[in-house]
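>>> What follows is a predicted protein model with its sequence.
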Amino acid sequence: MRRPEAGDARRFAVAAALCFVVLVNAVGWWGQGRLASPAGASWSPEIRAESPPLARFDAGWYRTIAHHGYVWNSAAGEGNVTFFPLFPLLMGWTARFGIPLLWAGLLLAQACFFASAALFWRLASLDGGPIEARDRFFAFLAFPWSFFLLAPYTESLFLTLVLAAWLAALHRKWALVAVCGLLAGFTRLFAVALTAGLLALLWERGDLAAARQRWRALGAALAPAAGCAAFFAWLAVRFSDPLIFLHAQARGWGRRPGLAGLLEVLGAVAGNVREGALWNLGPAMDSAVLLLLLLAVSFALWRRRMGEAVYTASAVLIIAASGQLASIGRYAVVLFPVFALLAAGIHRTAIRIPFLLTGALLQIYMIVRFVNEIWVA
C-alpha cells in the first residue's frame, strides 16, 4: 500500500512544480506596469528591452559580470565585486547559444529550480516519507520568497548544490560532496554555513571517527569553505583585497556589517512598532523570517538533526554579521530545514489550506512589486 501512495504524492509534486513555474512566470508578465516604481527604471533602454519580467535588481549585476567580468571603481565605491562567480559564468556559457544574457540567466535559474525541486523531494522523502515530503514541498512552493528560485539569481543554483551535497553526504559519496560543495563555494557565502552543517552531520553520524573514511569525509565537508576561500584569494590577487566584496557592500549599499548594523536595523523595527506602523510590510516580514529561522534551528535540535540545526544557525550568524535583514526572506529559501518546521505546522488540512492560500497571495504581491522594481528582498 505504500508504493501507490508514494507514487501518487510524487506525481502530485511534479504537477505542483510545473504549475508553480507557469504561474510565477505568468504573474510576472501580467504584473509589469501594475505598480509605479519610486526609483524609476534603473537600466538602459537596450538592457530593459532584452530583460524578462523576473530579471530585476541583482540580475543586472550578474549580467555585467557575465558580459565583461569584475570591475571596481574605488573612488566612486561602485562595482560588481560583491557577487560570486559561478552563476554569471554559467550564465555567460548559456548565452553562447545566441540567447540574450538575462534570458540565459532566467533559463539557467529555472532549470536549476527543477533540479532543486527533485532533490528537495528526495531528501524530504528519505527523512519522513511521502506524506511528510508532500507537506514540505507545498510549504516550499508557498513560501512568499520562493519565486526567487525562478529569477536570474543564485538561489536555485545554490540550493541544487546544497541538496546534492547533503544527499551525497548521507550516502557517503565523498567525491560528489566535494564537487558540489566546492561549486557551492563559488556561488555564495552561505557555503561557509554548508561546511559547518556538513561537519556537524558527519560528527553526529560518527563518520569523523571512522579511520578508513575520516580524511575523505573531512576534506569533502571542507570543500564549500574552500570554494569561498579560493574566490577570496582571487580577489586578493585581482584587487589587492580579499574582503573587497564586504567593503563594496559597505560603500555601495551603505551596509554596516557587524552587530552594530544589526542592532540599528532592529531598532528601526522597534521604532515602527512605537509609531504604530506595526504592519509595515518590509520590517515586519523581515523580523518574522528571522524568528522563523531561529525556530527552525530549535526544531532541528528537538528532532536531533544536528547537521540541519548547525547549517541553519550558521546562516543566521552570517545574516546577523551582515548588519541588515533586508534580504532575509530570499536567504531563507535555501535553508531547507525551515520547511521541515513549516510542514510540521501545516500537517492538518484545516491549517494547510489557509497557509497555502496566504503564502500564494503574498507571493503574488511580492512578484508584482519585484517586476516593477519595488524592493522585496
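In hand now; what should we look at?
>>> residue contacts, residue 102?
Residues near residue 102 by CB atoms under 8 Å, 6 or more residues apart in numbering: 47, 50-52, 55, 59, 63, 152. (Each C-beta comes from the backbone N, C-alpha and C, glycine too.)
>>> Return stretch 50-64 as CSV; C-alpha atoms alone will do.
C-alpha atoms of stretch 50-64 as CSV (Å, rounded to 0.1, in the frame of the first residue of the first chain):
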residue,chain,number,x,y,z
GLU,A,50,16.0,42.3,-23.5
SER,A,51,15.0,41.6,-19.9
PRO,A,52,12.2,39.2,-19.0
PRO,A,53,10.0,40.4,-16.1
LEU,A,54,11.8,38.3,-13.4
ALA,A,55,15.1,39.8,-14.3
ARG,A,56,15.5,42.8,-11.9
PHE,A,57,17.9,44.2,-9.4
ASP,A,58,20.8,41.8,-8.8
ALA,A,59,20.2,40.1,-12.2
GLY,A,60,21.7,43.2,-13.7
TRP,A,61,24.9,42.8,-11.7
TYR,A,62,25.2,39.2,-12.8
ARG,A,63,24.8,40.3,-16.4
THR,A,64,27.7,42.8,-16.0
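>>> From the rest of the structure, what touches the helix or strand containing residue 192?
Per DSSP states H and E, residue 192 falls inside helix 191-205. By CB under 8 Å, 6+ apart, the residues outside helix 191-205 that reach it are 158, 162, 165-166, 169-170, 177, 181, 184-185, 208, 217-218, 220-225, 227-228, 304, 306-312, 314-315, 317-318.
>>> could you redo the last one with a cut-off of 6 Å?
Here helix 191-205 makes contact (CB atoms under 6 Å, 6 or more residues apart in numbering) with 162, 169, 184-185, 208, 217, 221-222, 224-225, 227-228, 306-307, 310-311, 314-315.
>>> got it, and stretch 18-31?
By CB under 6 Å, 6+ apart, stretch 18-31 touches 53-54, 141, 147, 150, 364, 367-368, 371.
>>> after the helix holding residue 192 comes which helix or strand?
Next element after helix 191-205 (DSSP H and E): helix 214-239.
>>> That following helix - contacts with which helices or strands?
Contact here means 3 or more CB pairs under 6 Å, 6 or more residues apart in numbering; DSSP states H and E; on that basis helix 214-239 packs against helix 174-185, helix 191-205.
>>> Buried ones in the first one, by neighbour count?
What that stands for is helix 174-185. Applying a neighbour-count criterion of 16 or more other CB atoms under 10 Å, one finds 174, 176-185 buried in helix 174-185.
>>> Now tabulate those residues in TSV and tack on distance to residue 16.
As requested, the buried residues of helix 174-185 are exported to TSV (distance: CB to CB, whole Å):
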residue	distance to residue 16
174	33
176	27
177	29
178	33
179	30
180	25
181	29
182	32
183	27
184	26
185	31
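>>> possible to save the helices and strands packed on helix 214-239 as a markdown table with mean pLDDT and distance to residue 298?
Formatted as a markdown table, those follow (pLDDT from 0 to 100; distance: least, CB to CB, whole Å):
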| stretch | mean pLDDT | distance to residue 298 |
| --- | --- | --- |
| helix 174-185 | 98 | 25 |
| helix 191-205 | 96 | 15 |
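>>> Throw these into TSV and include distance to residue 73, thanks.
Formatted as TSV, those follow (distance: least, CB to CB, whole Å):
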stretch	distance to residue 73
helix 174-185	27
helix 191-205	27
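>>> To residue 77, which of those lies closest?
Closest of these to residue 77 is helix 191-205, at 25.2 Å (criterion: CB to CB).
>>> How far does the closest one sit from its chain's centre?
Centroid separation for helix 191-205 versus its chain: 18 Å, with CA atoms, centre = their mean, to the nearest Å.
>>> Check which residues of it are buried.
191-203, 205.
>>> quick one: low-confidence ranges for the stretch 151-300 of the chain?
Scanning the stretch 151-300 of the chain for pLDDT under 70 picks out 211, 252-281.
>>> Of the contacts of residue 102, which belong to helices?
47, 50, 59, 63 (DSSP state H).
>>> filter those to the buried ones?
Counted by 16+ other CB under 10 Å, the ones in helices among the contacts of residue 102 give 47, 59, 63 as buried.
>>> can you give me how far stretch 52-69 is from the chain middle?
For stretch 52-69, the distance to the chain centre is 17 Å (CA atoms, centre = their mean).
>>> Equivalent analysis for stretch 233-250, please.
22 Å.
>>> With only the CA atoms kept, save that stretch in PDB.
Presented in PDB, the C-alpha positions along stretch 233-250 are these (Å, rounded to 0.1, in the frame of the first residue of the first chain):
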ATOM      1  CA  ALA A 233      42.200  34.600  -2.800                       C
ATOM      2  CA  TRP A 234      41.400  35.600  -6.400                       C
ATOM      3  CA  LEU A 235      40.000  38.900  -5.200                       C
ATOM      4  CA  ALA A 236      43.200  39.400  -3.200                       C
ATOM      5  CA  VAL A 237      45.300  38.900  -6.400                       C
ATOM      6  CA  ARG A 238      43.000  40.900  -8.700                       C
ATOM      7  CA  PHE A 239      42.000  43.800  -6.400                       C
ATOM      8  CA  SER A 240      44.600  43.500  -3.600                       C
ATOM      9  CA  ASP A 241      41.800  43.000  -1.000                       C
ATOM     10  CA  PRO A 242      40.400  39.500  -0.200                       C
ATOM     11  CA  LEU A 243      37.400  41.100   1.600                       C
ATOM     12  CA  ILE A 244      36.600  43.700  -1.100                       C
ATOM     13  CA  PHE A 245      33.100  42.100  -1.500                       C
ATOM     14  CA  LEU A 246      32.300  43.200   2.000                       C
ATOM     15  CA  HIS A 247      33.900  46.600   1.600                       C
ATOM     16  CA  ALA A 248      31.800  47.000  -1.600                       C
ATOM     17  CA  GLN A 249      28.600  46.300   0.300                       C
ATOM     18  CA  ALA A 250      29.500  48.900   2.900                       C
END
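>>> Good, wrapping up.
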